[in-house]
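Undergrad: I would like to see how this sequence folds:
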Amino acid sequence: MPSIFSRIVAGELPAYKVAEDEHHLAFLDITPLIEGHALVIPKKEVDYIFDLPPAELAALHQFAQRVAKGVQAAVPCKRIGVAVIGLEVPHAHIHLIPMHHVSDMNFANPKIKVAPERMQELAAAIAARVPAAEASAPASPLNTKGGRETTEAPASAPSAKQEKPAAETSDATLDQLRQLTQGLHFVSESEAPLEAVSYAAPAGQLTDAALRKLAGQPADTKVEKLELTYFLRNHTADDGVLGDLALANRFKALQMYLKQELNNVQVYRFGQSPQVPVLALGEAEGGQLAGFKTVLTET
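TA: Predicted structure coming up:
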């Protein structure tokens, strides 16, 4: 009788898939220890993981490495824990578990319940961040509210030899936002690129006057506030304005990062049509405001 995982591979059972290639599949655990808990399996049904031939065992772990990078990029955590138990389902599998503490890896902990819409959101965000098989670049550094440990800066980050403010040089949040917004365009009546931004937070409350100054707008410019999910709704919808599932997943990953990693995220529109500057900002660590800017065209 096929294992439950083999039935998922065959399409007989649904799963929140996050990555797949010819020989492997990764999907979210439906009884997770923590949000983002993923399972990585070979499509070939083998009961015991160490019964896999050496080359296939190595390939499974290489695939798991890519998935782990996607999970870590999409889910706030300090590390991705790795576990092989092998007693629940007679089909070799690797657990990838976002963790802040060693206790997060305790399989005696009560399993959590995650709503289907949240599972879909997590799966989409992780899938958008799993690097391609041919990618050889190291995982990009991340910054979380809890102070995630960082690794080598991504290739897109400016060189230390360039003239650059010291505060920006150490801004891992900005580096991550650059990765997330790279190549993305906001579609209104025309297209405008999304550009990652980071500013020193002004003293006191974030007033309209302070926002106008950040955006380089005249003192009498009208400032309108929007909710981030509403602002990005057409771009995160799978069949929305983009008509491209991969791009929709990238916008979902950006939206999730802003909501999970920053506090009090808000979208601000400045002035009236036809060209409307926009800032999406939230509070990052170190007294910074971070997010992205773009321009809407409305005629």
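
Undergrad: hey, where'd the strands end up in this structure?
TA: 17-20, 24-28, 38-42, 79-83, 94-99, 185-187, 191-193, 195-200, 223-226, 263-270, 275-284, 288-297 (DSSP state E).

Undergrad: out of those, which is closest to residue 237?
TA: Of all the strands of the chain, it is strand 185-187 that lies closest to residue 237, at 12.0 Å by C-beta to C-beta. Every C-beta, even on glycine, is put in place using the N, C-alpha and C of the backbone.

Undergrad: now the closest one: mean pLDDT?
TA: Averaging the model's pLDDT scores along strand 185-187 yields 92.

Undergrad: give the buried residues for it.
TA: Along strand 185-187, these residues count as buried under the neighbour rule (16 or more other C-beta atoms under 10 Å): residue 186.

Undergrad: for stretch 256-271, same thing?
TA: 256, 257, 258, 261, 262, 265, 266, 267, 268, 269, 270, 271.

Undergrad: again, but for stretch 97-108
TA: Applying 16+ other C-beta under 10 Å to stretch 97-108 flags 97, 98, 99, 104, 105 as buried.

Undergrad: check these and tell me the two furthest apart.
TA: Taking C-beta to C-beta, no two of those sit farther apart than 98 and 105, at 10.2 Å.

Undergrad: mutual contacts of these two, please.
TA: Both residue 98 and residue 105 are in contact with residue 81, where contact means C-beta atoms under 8 Å, 6 or more residues apart in numbering.

Undergrad: domain ranges for this structure?
TA: Per automatic domain parsing, the domain ranges recorded for the chain read 4-129, 166-297.

Undergrad: what's the nearest residue to the residue nearest the centre of the chain if we skip its chain neighbours?
TA: The chain has residue 74 as the residue nearest its centroid, 3.0 Å off, counting by C-alpha atoms, centre = their mean. Spatial nearest neighbour of residue 74, chain neighbours left out: residue 125 (4.1 Å); criterion: C-beta to C-beta, 6 or more residues apart in numbering.

Undergrad: again with residue 90
TA: residue 47 (4.6 Å).

Undergrad: residue ranges for the helices of the stretch 51-200 of the chain, please.
TA: Under the criterion DSSP state H, counting those that start in this stretch, the stretch 51-200 of the chain carries helices at the ranges 54-74, 116-129, 166-169, 172-181.

Undergrad: just checking, what packs against the second one?
TA: If I follow you right, that is helix 116-129. If you count contacts as 3 or more C-beta pairs under 8 Å, 6 or more residues apart in numbering; DSSP states H and E, helix 116-129 packs onto strand 17-20, strand 24-28, helix 54-74, helix 245-261.
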